[in-house]
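1. here is a sequence with its predicted model. Questions after.
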Amino acid sequence: MNRPPLPRLLLLLTLLALAGCQPAPDVSNSRFLAFGTLVDLTLAGASEQEARQATQVLEEDFQKMHHAWHAWDPGPLGRVNRLLREDEPFAAPPSVLPLIVKGKALSLQSDHLFNPAIGHLVDAWGFHGDDPEGHRPPPQERLDALLRSNPRMSDIEIEGITLHGRNPDVKLDFGAFGKGYGIDLAIGRLRQLGLSDAIVNAGGDLRAIGSRDGRPWRIGIRHPDGEGILATVEIQGDESVFTSGDYERNFTWQGRRYHHIIDPRTGYPAEGTRSATVIHSDAVTADAAATALFIAGPGQWHRIARQMGIRYVLLVDSDGNLHMNPAMRERVVLMEKGVNILLSAPLQE
C-alpha cells in the first residue's frame with residue numbers, strides 16, 4: 001500500500017489524533033505553496049469566511065517574504081548581499097533587517113554552528129538551486145578558500161538601520177531560519193485576525209497555538225528516513241516543532257550521499273546526525289536551533305541547546321540511537337519499539 005505524502009500524513013495525525021469517539025469540532029484546512037514547500041493552515045473553531053480570509057492573507061504574506069528573502073533570485077536580500085561586498089555602509093531594507101539582527105544573535109548563541117553568512121558555501125555545493133540532483137562536490141580549493149575567509153554574522157556591523165560588511169565572502173542565506181521567522185509572522189497575523197486556535201505547518205515544521213476544542217494538538221515528528229513518523233508529541237498553548245534532517249535535500253556522487261546541512265567548520269555536510277528535532281516557544285529559534293544541533297551532533301548538542309535556551313531536544317545519530325533530554329523523553333510517544341534511547345542530563349536545572 002502506498003504511503004500518503006509526508007505533509008499529508010502529518011496533517012492527518014494533527015487533525016485526527018485525540019479525536020477518539022467524540023464529535024469533531026469545526027476544523028478547517030487549507031494549503032498553498034511558499035518557500036518551495038507546501039504550507040498547511042489548520043484552524044479550529046473558525047467560520048468558513050474567517051478561514052478563507054486567513055488563507056488569502058497568509059498566502060499573500062508568504063509570497064512577499066519569499067520574494068524579499070530569496071537568496072539567489074533578484075530582490076531585497078540579493079541587493080543586501082551585493083552591497084555587503086563593497087565595504088561601504090548602506091541602509092538595510094526593512095524586510096531583511098530583522099532577520100539579520102536575529103541571525104546575529106542566534107549565530108552567537110550557537111557558537112556559529114548556525115551561520116546564515118555561509119551562502120557561498122551553499123552555492124558551492126549546488127544547494128542554492130531548487131533541485132540539487134546531478135550535482136557533485138565542489139573543488140577542495142574552493143572550500144579551503146572559504147574556510148580561510150571564515151564568513152560569520154559577526155562580520156556584519158549594524159548601527160540603527162545601517163549595515164556594513166567587513167568580509168567580502170559573507171553571503172546571507174536565510175534557508176536555515178527564514179521559514180521559522182515566516183511562521184512566527186503568520187501566527188502574529190492570525191492573532192490580528194482574531195484567530196487563536198491554529199497550526200501553521202510549512203513542510204512538516206510548524207507552530208501551534210491554542211487547542212483543538214480544548215484538547216491538545218498532536219504533532220508527528222518525522223522519521224529520519226524521510227517517510228513516516230518517528231514519534232508524536234502533544235502541544236497545547238503555543239509551541240513550535242522543527243526538525244532538520246539529512247533527507248530533505250541531497251544528491252549522490254560516486255556512491256556517496258551529500259546532504260544540504262553544511263558544517264561551517266569543515267565546509268562539508270555535517271556528519272554523525274540523521275535528524276534533530278526541537279520544541280521551543282517561537283519558530284525562528286526552533287528552526288535555527290534544529291540546524292545548529294544537527295551540526296553539533298551527538299557529542300555537542302547538549303551544550304549548544306543550553307546556550308540557545310532550548311528545553312526539548314530529540315536527536316537521531318547516524319547509528320540510529322535516539323538522544324533526548326529527560327523533559328523531551330516525558331513528552332514524546334515513540335512509534336517504534338526497541339530503539340536505543342540515550343538520555344542526557346537535564347537542559348534546565
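-> Perfect, I can see it now.

2. residues contacting residue 298?
-> Taking C-beta atoms under 8 Å, 6 or more residues apart in numbering, we find residue 298 in contact with 272-273, 315, 317, 321, 323, 342. Yep, even glycine has a C-beta here, placed from its N, CA and C like the rest.

3. just the pLDDT for the residue sitting nearest the centre point of the chain.
-> Centroid-nearest residue in the chain, with C-alpha atoms, centre = their mean: residue 287, separated by 3.3 Å. Note for residue 287: predicted pLDDT of 97.

4. and what of residue 294?
-> For residue 294, pLDDT reads 98.

5. which non-adjacent residue is nearest residue 253?
-> residue 136 (4.8 Å; C-beta to C-beta, 6 or more residues apart in numbering).

6. the one you found contacts residue 256, doesn't it?
-> No. Taking contacts as C-beta atoms under 8 Å, residue 136 lies outside contact range of residue 256: 10.4 Å.

7. out of the two, name the residue with the larger neighbour count.
-> Each of residue 136 and residue 256 has its neighbours counted (other C-beta atoms under 10 Å); residue 136 has more, 12 against 9.

8. for that one, what are its contacts?
-> Applying C-beta under 8 Å, 6+ apart, the residues near residue 136 are 126, 251, 253.

9. check which residues of the lengthiest helix in the chain are buried.
-> Longest helix of the chain, by residue count under DSSP state H: helix 283-307. Neighbour-count burial for helix 283-307 flags 283-298, 301-302, 304-306 (criterion: 16 or more other C-beta atoms under 10 Å).

10. just for the stretch 151-300 of the chain, where's the confidence low?
-> Applying pLDDT under 70 to the stretch 151-300 of the chain flags the ranges 226.

11. what segments of it are strands?
-> 156-159, 162-165, 198-202, 205-210, 217-222, 229-235, 237-245, 250-253, 256-259, 273-280 (DSSP state E, counting those that start in this stretch).

12. packing partners of the longest one?
-> What that stands for is strand 237-245. helix 178-192, strand 205-210, strand 217-222, strand 273-280, helix 283-307 (3 or more C-beta pairs under 8 Å, 6 or more residues apart in numbering; DSSP states H and E).

13. out of those, nearest to residue 82?
-> Closest approach to residue 82 among the helices and strands packed on strand 237-245 (C-beta to C-beta): helix 178-192, 18.7 Å.

14. please save the CA atoms from the closest one in PDB.
-> Provided in PDB are the C-alpha atoms of helix 178-192 (Å, rounded to 0.1, in the frame of the first residue of the first chain):
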ATOM      1  CA  GLY A 178      13.600  32.100   7.200                       C
ATOM      2  CA  LYS A 179      10.800  29.500   7.300                       C
ATOM      3  CA  GLY A 180      10.700  29.800  11.100                       C
ATOM      4  CA  TYR A 181      10.600  33.500  11.000                       C
ATOM      5  CA  GLY A 182       7.900  33.500   8.400                       C
ATOM      6  CA  ILE A 183       5.800  31.100  10.500                       C
ATOM      7  CA  ASP A 184       6.100  33.400  13.600                       C
ATOM      8  CA  LEU A 185       4.900  36.300  11.400                       C
ATOM      9  CA  ALA A 186       2.000  34.200  10.200                       C
ATOM     10  CA  ILE A 187       0.900  33.300  13.800                       C
ATOM     11  CA  GLY A 188       1.000  37.000  14.600                       C
ATOM     12  CA  ARG A 189      -1.200  37.700  11.600                       C
ATOM     13  CA  LEU A 190      -3.700  35.100  12.600                       C
ATOM     14  CA  ARG A 191      -3.900  36.600  16.100                       C
ATOM     15  CA  GLN A 192      -4.500  40.000  14.500                       C
END
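
15. just after the longest helix of the chain, pick out the following helix or strand.
-> Counting by DSSP states H and E, the element after helix 283-307 in chain order, helix or strand, is strand 312-317.

16. please identify the helix or strand for residue 120.
-> helix 119-124.

17. doesn't residue 174 make contact with the residue nearest to the centre of the chain?
-> No. Counting by C-beta under 8 Å, residue 287 stays clear of residue 174, with 9.9 Å between them.

18. what do these two both touch?
-> residue 181.

19. quick check: chain neighbours aside, which residue is closest to residue 135?
-> Going by C-beta to C-beta, 6+ apart, residue 135 has residue 126 as its nearest residue, at 3.5 Å.

20. these two touch, right, residue 102 and residue 284?
-> Yes. Under the criterion of C-beta under 8 Å, residue 102 makes contact with residue 284 at 6.1 Å.
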